[in-house]
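>>> the following comprises the amino acid sequence and a computationally predicted model.
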Amino acid sequence: MAIILGDHQYGKAENRIVRIVRDAPRHEIRDVNVSTALRGDFAAAHLVGDQANVLPTDTQKQTAYAFAKRLGRDSIEEYGLALARHFVDEVSPVTGARIEIEDFAWTRAVVDGVEHDHTWVRNGQEVRTASVTVEGRGDAQRAWVTGGLKDLVILKSTGSEFRGFYEDEFTILEPTTDRVMATSLTARWRFGTTQVAWDELYAGVRSILVDRFALVHSLALQQTLYEMGRAVLEAHEAIVEIRLSAPNKHHFLYDLGRFGLTNHGEVYHADDRPYGLIQASVTRDDAPDPGPAWHQYTGLV
Ligand SMILES: O=c1[nH]c(=O)c2[nH]c(=O)[nH]c2[nH]1
């Protein structure tokens, strides 16, 4: 029997970078969380403690900050592509680089009815995410990009049913034709190309997800997820696959009968756990092989 080193990668996780664009009195802000991971010829570091090929994680962090100048004009996907390509093109032991990014949105503060030039309020809303993986050099270089969002908390107070389900001796759930449906959605989509209007597309996908959640009369969260995925793929050629993960944030009708009160779907207990966790991926049947697109580093995106 031999013991061998398996897959390995290393980098600097969660660089919290804030980029202010201050070329004019009206500033802009980008607030991101960037993780870098390098893959390549690093076995000696693990096997014999030889650091000759190891670009320090501190250097990866410094590079992420230096490249952050680009965030003045670039989307997070473009920034990630530039950073990943730098590591693969310029650092000889590196054969692949993975960049994972979270993008926190800020809204301009309104003071005396006017948007303020350099004060913002952090959106409590969802976080935009992206990942970039680059492998190989020159003509053989390939790139895989995913976009996404997480923590999109969304609720509808009607237009959702759950009935006709499989029952056995442990089933006590009552069927319902009118319930609250709520989730905190995570969605990640894989691009088939890097020629994309990244920011526009993000806004378009987000609005389709919200639109489908609101407008599809839901027979189950499973159906809603599929309809979301289908609509995104139908609307955006550049996306070849979308993965959706949705905790079912249960809202249980509270028993007010004990107090002689009626409860016509008016008062609920919002339970936080356990929760149903519904996950689905929707793809084009001719989607290219995902390669390392989903091989995560931090699990952040
Ligand atoms: O939309 C739902 N899907 C389920 O699979 C499920 N299971 C359950 O108990 N409630 C729900 N709701």
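Received, thanks. Please read these numbers as outputs of a predicted model, since none were measured by experiment. Numbering: from 1, shown residues only.
>>> tally of neighbours for residue 118?
Around residue 118 sit 13 other residues, with neighbours defined as other C-beta atoms under 10 Å. Just so you know, the C-beta spots here come from the backbone N, C-alpha and C atoms, and that holds for glycine as well.
>>> quick one: residues in contact with the helix or strand encompassing it.
When elements are assigned from DSSP states H and E, residue 118 belongs to strand 114-122. Outside of strand 114-122, the residues that reach it under the criterion C-beta atoms under 8 Å, 6 or more residues apart in numbering are 25-27, 29, 31, 104-111.
>>> now do the same for residue 229: helix, strand or coil?
Reduced to three states with DSSP: H, G, I helix; E, B strand; the rest coil, the structure at residue 229 is helix.
>>> against the ligand, how distant is the residue nearest to it when sequence neighbours are not counted?
Beyond its immediate neighbours in the sequence, the residue positioned closest to residue 229 (C-beta to C-beta, 6 or more residues apart in numbering) is residue 282, lying 2.9 Å away. Using C-beta to the nearest ligand atom, to the nearest Å, one gets 17 Å for the distance from residue 282 to the ligand.
>>> can you pull the contacts of the closest residue to the ligand within the stretch 51-200 of the chain?
Per C-beta to the nearest ligand atom, residue 162 is where the stretch 51-200 of the chain lies closest to the ligand, at 4.4 Å. With contacts defined as C-beta under 8 Å, 6+ apart, the neighbours of residue 162 are 175-176, 179, 219-220.
>>> what would these look like in a markdown table with pLDDT, distance to the ligand and secondary structure?
Supplementary listing: the contacts of residue 162 in a markdown table, determined by pLDDT from 0 to 100; distance: C-beta to the nearest ligand atom, whole Å; DSSP: H, G, I helix; E, B strand; the rest coil:
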| residue | pLDDT | distance to the ligand | secondary structure |
| --- | --- | --- | --- |
| 175 | 97 | 10 | coil |
| 176 | 97 | 9 | strand |
| 179 | 96 | 8 | coil |
| 219 | 98 | 8 | coil |
| 220 | 98 | 4 | coil |
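>>> most neighbours among those residues, which one?
Going through these with other C-beta under 10 Å as the criterion, the one with the most neighbours is residue 179, at 22 neighbours.
>>> who are the neighbours in contact with that one?
With contacts taken as C-beta under 8 Å, 6+ apart, residue 179 has the following neighbours: 160-162, 251, 265.
>>> bridged to the residue of the stretch 51-200 of the chain closest to the ligand, which residues?
Following DSSP bridges, residue 162 is listed with bridge partners residue 176.
>>> tell me the domain ranges of the chain?
Recorded structural domains for the chain (assignment: automatic domain parsing) are 1-140, 152-301.
>>> returning to that earlier point: secondary structure element for the residue nearest to residue 229, which one?
For residue 282, the enclosing helix or strand under DSSP H and E is strand 276-283.
>>> buried residues in that strand?
Within strand 276-283, the residues that qualify as buried are 278, 280-282, counting by 16 or more other C-beta atoms under 10 Å.
>>> wait, which of these is closest to the ligand?
Using C-beta to the nearest ligand atom, residue 278 comes nearest to the ligand of these, at 6.0 Å.
>>> does the closest one touch residue 249 like I think?
No: Residue 278 sits out of contact with residue 249 when judged by C-beta atoms under 8 Å, with a separation of 11.2 Å.
>>> going by residue numbers, what spans are strands in the stretch 101-250 of the chain?
Defined through DSSP state E, counting those that start in this stretch, the strands belonging to the stretch 101-250 of the chain, from first to last, are 106-111, 114-122, 127-135, 142-156, 181-191, 239-248.
>>> most packed of those strands?
Of the strands of the stretch 101-250 of the chain, the one with the most neighbours on average (mean count of other C-beta atoms under 10 Å) is strand 127-135, at a mean of 25.
>>> other SSEs contacting it?
With contacts defined as 3 or more C-beta pairs under 8 Å, 6 or more residues apart in numbering; DSSP states H and E, the secondary structure elements packing on strand 127-135 are helix 76-90, strand 94-104, strand 142-156.
>>> same list (these) but as JSON lines, adding distance to the ligand and mean pLDDT.
As requested, those are arranged in JSON lines below (distance: least, C-beta to the nearest ligand atom, whole Å; pLDDT from 0 to 100):
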{"stretch": "helix 76-90", "distance to the ligand": "32", "mean pLDDT": "98"}
{"stretch": "strand 94-104", "distance to the ligand": "28", "mean pLDDT": "97"}
{"stretch": "strand 142-156", "distance to the ligand": "12", "mean pLDDT": "97"}
